[in-house]
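Enquirer: using only what follows, build the 3D model:
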Amino acid sequence: MTLRGSSLRPDAGQRAQGVIAAGPLRDLTVLDLSRILSGPFATMTLADLGADVIKIERPGEGDDTRQWGPPFQGDEAAYYLSVNRNKRSLAVDFRSPEGIEAVRRLARGADVVVENFRPGTAERLGLGYEQLSADNPGLIYASISGYGQTGPEAGRAGYDAIAQARSGIMSVTGEPGGPPVRVGISGSDLIAGTWAVIGILAALHERDRTGQGQWVDISLLDGSVSWLTYVASGYFASGEIPRRYGSAHPTIAPYQAFPTADGFVMIAVGNDRLWRAFAVALGRPDLAADARFATNPLRVAHRDDLVHLIEEILSTATTRAWVARLEEAGIPVGPIQTVDEALSDPQILARGMVAEVEHPSAGRLRTVACPIRLTRTPASVRMPPPLVGQHSDEVLTALGYSRSDIERMHAAGAIG
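Expert: Model prediction:
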């Protein structure tokens, strides 16, 4: 039996409750075999855009990140809650042949499968690309791994921090003369999830022309290397190994964080016109006439002298005062906000980047919303992250399993 898309979606009662939004991917069914961060972030993005995402979890335990705390909200770790909204949960024991068969039946009607097992694991479970696409030639199958499906290290487990280290990102992150620093978020995981979404959408577009699916192969290391962009280009052009500049830019000055009387401010003077206006706003128009600072290459060459002068001036007033003064002069500037300040920033709130949804155990749950803005078919936060196996019966019923079949599978531990 081959089901496709709408056959697996929630019932009419849920539609009436607004569970299904008119997102651009509303006709797609995504089978989510992933866990932790990279895969769940990708599938949550697809879900925000309207796809019906069915998350496969272990009975009783679920995604590892359900216990990655504190902090917890209700019975769930805040980590898990951050990347699993808008999904339905089917709890399946992968050691059970009947459980695996239920997943395979789901895959026959799915548009997309996303997994982030170590390469080879999905195949051993009978859930690899070749196995599932044999029954569903139009399937888009996305794999996210540490090193990709090819190459001498394909079989190694992948970790965000290791990808940041090996890609060169950590070598250019941190203060000059200080140790390499990991980016403060799991950037390698998140960029891999983002590239997975892009790859999936590209493959879906191509399927519209040919009817054929394909395998999307995403690596944490590849994605992290892609972030090097102008840093790599600068190395290729000059042969000089990039180094750490703290918050500063290697080829623009002044373009960095500066201390004020009560905090820090980020200033981005990207051209000579802005530099002249900046000097006036600082109350030091003579700096614009200083031969050391006349052009951006000269300011980069004399960065240390320039930064010292600017720090002395900015230390005389508060962050708020400097932001107001520099904004009035047309200088790109912003306060360096803490997370609580950012999540209450009027601009961020006005853009709807903090959403709320009711969760069964966590209560009113605040979450960072999807940043994609579409005028006709917007992304939305419709459902809270699911409880483990919350939708098992519902999903299996849509697959054609009888009530007695489902009860027997529960009793046998095949599903939860």
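Enquirer: only C-alpha atoms for contact and neighbour calcs from this point on.
Expert: Noted.
Enquirer: just the strands in the stretch 251-400 of the chain please.
Expert: 255-259, 264-268, 333-335, 354-359, 363-368 (DSSP state E, counting those that start in this stretch).
Enquirer: quick one: terminal-to-terminal distance for stretch 111-124?
Expert: Using Cα to Cα, to the nearest Å, the end-to-end distance of stretch 111-124 comes to 22 Å.
Enquirer: ok, now stretch 316-333?
Expert: Start-to-end, stretch 316-333 (Cα to Cα) is 17 Å.
Enquirer: pLDDT (mean, whole number) over it?
Expert: Averaged across stretch 316-333, the pLDDT comes to 98.
Enquirer: in it, what's buried?
Expert: Using 16 or more other Cα atoms under 10 Å as the test for burial, stretch 316-333 gives 318-320, 322-323, 325-326, 331-333.
Enquirer: same check on stretch 198-209?
Expert: Per 16+ other Cα under 10 Å, stretch 198-209 contains these buried residues: 199-201, 203-204, 207.
Enquirer: go on, stretch 301-310?
Expert: 301, 303, 306-307, 310.
Enquirer: would a markdown table of those with distance to Ile218 be doable?
Expert: A markdown table is the format used below for the buried residues of stretch 301-310 (distance: Cα to Cα, whole Å):
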| residue | distance to Ile218 |
| --- | --- |
| Ala301 | 39 |
| Arg303 | 39 |
| Leu306 | 43 |
| Val307 | 41 |
| Ile310 | 43 |
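Enquirer: what sits against Gly177?
Expert: Arg244 (Cα atoms under 8 Å, 6 or more residues apart in numbering).
Enquirer: quick check: it vs Tyr245, distance?
Expert: 9 Å.
Enquirer: and Asp393, how far from Ala77?
Expert: Asp393 is 25 Å from Ala77, by Cα to Cα.
Enquirer: what's the lengthiest helix in the chain packed up against?
Expert: Identified as the longest helix of the chain according to DSSP state H is helix 187-210. Under the contact definition 3 or more Cα pairs under 8 Å, 6 or more residues apart in numbering; DSSP states H and E, helix 187-210 sits against helix 38-48, strand 140-145, helix 160-166, strand 214-219, helix 220-226.
Enquirer: return the angle between stretch directions for it and helix 38-48.
Expert: 50 degrees (axes from the mean of the first three to the mean of the last three Cα atoms, to 10 degrees).
Enquirer: CA atoms of helix 187-210 as PDB?
Expert: C-alpha atoms of helix 187-210 as PDB (Å, rounded to 0.1, in the frame of the first residue of the first chain):
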ATOM      1  CA  GLY A 187      26.600  26.700  15.000                       C
ATOM      2  CA  SER A 188      27.800  23.600  13.100                       C
ATOM      3  CA  ASP A 189      24.700  21.700  14.000                       C
ATOM      4  CA  LEU A 190      22.400  24.600  13.100                       C
ATOM      5  CA  ILE A 191      24.000  25.400   9.800                       C
ATOM      6  CA  ALA A 192      23.900  21.700   8.800                       C
ATOM      7  CA  GLY A 193      20.200  21.700   9.600                       C
ATOM      8  CA  THR A 194      19.800  24.800   7.500                       C
ATOM      9  CA  TRP A 195      21.700  23.400   4.600                       C
ATOM     10  CA  ALA A 196      19.500  20.200   4.900                       C
ATOM     11  CA  VAL A 197      16.400  22.300   4.500                       C
ATOM     12  CA  ILE A 198      17.800  24.000   1.400                       C
ATOM     13  CA  GLY A 199      18.800  20.700  -0.100                       C
ATOM     14  CA  ILE A 200      15.400  19.200   0.600                       C
ATOM     15  CA  LEU A 201      13.600  22.100  -1.000                       C
ATOM     16  CA  ALA A 202      15.900  21.900  -4.100                       C
ATOM     17  CA  ALA A 203      15.300  18.200  -4.400                       C
ATOM     18  CA  LEU A 204      11.500  18.700  -4.100                       C
ATOM     19  CA  HIS A 205      11.600  21.300  -6.800                       C
ATOM     20  CA  GLU A 206      13.500  18.900  -9.100                       C
ATOM     21  CA  ARG A 207      11.100  16.200  -8.300                       C
ATOM     22  CA  ASP A 208       8.300  18.400  -9.600                       C
ATOM     23  CA  ARG A 209      10.000  18.200 -13.000                       C
ATOM     24  CA  THR A 210      11.000  14.500 -13.100                       C
END
